[in-house]
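# take this sequence and fold it.
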Amino acid sequence: MKRILGLVLAILIVAGAGLFIWESQSFVARVGTWKIKKHEYMFFLRAQKITTESEAGLSDEQKIRELWNTPVEGEDPKLIVMNQALENAKEFKVQLIKAAQDKFKLSGKDRKELLEYLNKSLQTNENIQYVRNDLGLTLAQFRDMMLKSELVNRYAYDFMQKNRDAVPVTDEEINAYYYKNRDTIDTVTVSHLFISTQQEGITATQRQEKKQLADSLYQRIEQGENMATFIRDYSEDISTKENAGLYSLTYIDVEAGLEYADVFGDWAFDSAVGDLELIESQYGYHIVRLEDKKGLEDKKEMIKSTIQAQKMNDIYYQQVQEWNKDPQFNLIKNEKVLNRITRKSFPVN
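Numbers count the residues shown, from 1 in each chain. Now for the predicted structure:
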């Protein structure tokens, strides 16, 4: 009996030792009593690595190897990225902890919909290879990270919505934002009827016929005939023909030379709603009518919401930083596992 009992105890001791070894290898750090698992850290490490290489504009393997083996102000760049990734992983874990403490969860419906979307996106070989090779994760680990990321996003949104009333936006702030960003806020909408003169081998006679057609259509529209009908029957602007020839533009579109915006963009912003014009360009003849114009008064609520969202994002970020400083969330590294995973993620000399 004693021999049997001794054998059982020996088995339990060995099993316990094996469990301890496995457990100690399953995480890279602790945040309080919570663990940052290997795949959670890997997600942030690889993302930080990819971002750094992309910002450096590198794709050549030799240059990438040089990047990670060249000290930055005396520091190993791999350690810099490791510490940043670990800090990002800690912030992520802290938000998961706060969500758990507040009993905030994804609904069964939300989880199901997200998993269906992920499973669909992971049917392509390109996405599978990205997850496995670039991120270094299994598909199950990637799904886990996406579910957790969605939880964090929704928790942050819920937090911000609850604090929305405490974030006022003044008229002065709205005006300041508008005048700083009006190139992307002010919009005009025009109807565009296009008669092209860019056909290969077009003769002077054919060009004159095109001009006569444009003049005739312009006069008929000016006299009250239906411009949308003429656009349907005559316009050679294929991109908007099925949309009654409508273009909506901002100043940025005009400056960037969006298709035909350089032809009638300035005219549209200087005109009043209902104005009609025939413009000749290198492309042909453009009959344009200003249908709508929106500026500060029309966009006030949109601007207010944008400013409010920025403020709430700042408040939430500051709150996360405060949570991070809480002693209950002190970071304790599992050095051996952390260093081993980090080394494997970078090219050797």
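# which non-adjacent residue is nearest Lys211?
Tyr285 (6.5 Å; C-beta to C-beta, 6 or more residues apart in numbering). Any C-beta I mention is one placed from the backbone N, CA and C, and that applies to glycine too.
# stretch 36-51: which residues count as buried?
Neighbour-count burial for stretch 36-51, with 16 or more other C-beta atoms under 10 Å as criterion, is recorded at 36-46, 48-49.
# narrow the residues you listed to those in strands?
36-37 (DSSP state E).
# now do the strands in the protein.
Under DSSP E, the chain gives strands at 27-31, 34-37, 187-196, 246-249, 276-280, 284-294, 331-333.
# circling back to that earlier point, can I assume the residue nearest to Lys211 is in contact with Leu278?
Yes: with contact defined as C-beta atoms under 8 Å, Tyr285 and Leu278 form a contacting pair (6.5 Å).
# follow-up on the earlier one: show me which pair in the buried residues of stretch 36-51 is furthest apart.
Using C-beta to C-beta, the pair of these lying farthest apart is Lys37 and Lys49, separated by 18.4 Å.
# what's stretch 76-83 in contact with?
With contacts defined as C-beta atoms under 8 Å, 6 or more residues apart in numbering, stretch 76-83 is touched by 45, 48-49, 52, 67-72, 338, 342-343, 346.
# do that again at 7 Å, thanks
45, 48-49, 52, 67-68, 70, 72, 342, 346 (C-beta atoms under 7 Å, 6 or more residues apart in numbering).
# list buried members of these by neighbour count.
Applying 16+ other C-beta under 10 Å to the contacts of stretch 76-83 flags 45, 48-49, 52, 67-68, 342, 346 as buried.
# and Lys304, what's its pLDDT?
The score at Lys304 is 94. That number is its pLDDT.
# which ones are touching it?
169, 174.
# mind checking how far it is from Pro347?
49 Å (C-beta to C-beta, to the nearest Å).
# count of neighbours near Met160?
Met160: 18 surrounding residues under other C-beta atoms under 10 Å.
# is it true that it touches Tyr317?
No: counting by C-beta atoms under 7 Å, Met160 does not reach Tyr317; the two are 10.4 Å apart.
# circling back to that earlier point, now, which of the buried residues of stretch 36-51 lie within helices?
38-46, 48-49 (DSSP state H).
# quick check: closest non-adjacent residue to Ile36.
Ala29 (4.6 Å).
# okay, and the beta partners of the one you found?
Ala29 forms beta bridges with Ile36, Lys333, as assigned by DSSP bridges.
# which intervals of this structure have sub-threshold pLDDT?
Counting by pLDDT under 70, the chain contains low-confidence ranges at 1-24, 257, 349.
# what domains does the record give for it?
24-166+313-344, 187-294 (automatic domain parsing).
# max-length helix in this protein?
Longest helix in the chain, counting by DSSP H: helix 296-325.
# buried ones in that helix?
Quick answer for helix 296-325 (16+ other C-beta under 10 Å): 299, 303-304, 306-308, 311-312, 316, 319-320, 324.
# same deal with stretch 274-287?
Quick answer for stretch 274-287 (16+ other C-beta under 10 Å): 278-279, 283-287.
# please name the bridge partners of Leu290.
Val190.
# how much space between the residue most central in space within the chain and Pro77?
When C-alpha atoms, centre = their mean is applied to the chain, the residue found nearest the centroid is Asn153 (13.1 Å). Counting by C-beta to C-beta, the gap from Asn153 to Pro77 is 30 Å.
# how about Ile279?
55 Å.
# same deal with Val273?
Val273 is 57 Å from Pro77, by C-beta to C-beta.
# ditto for Asp292
Distance from Asp292 to Pro77, by C-beta to C-beta: 52 Å.
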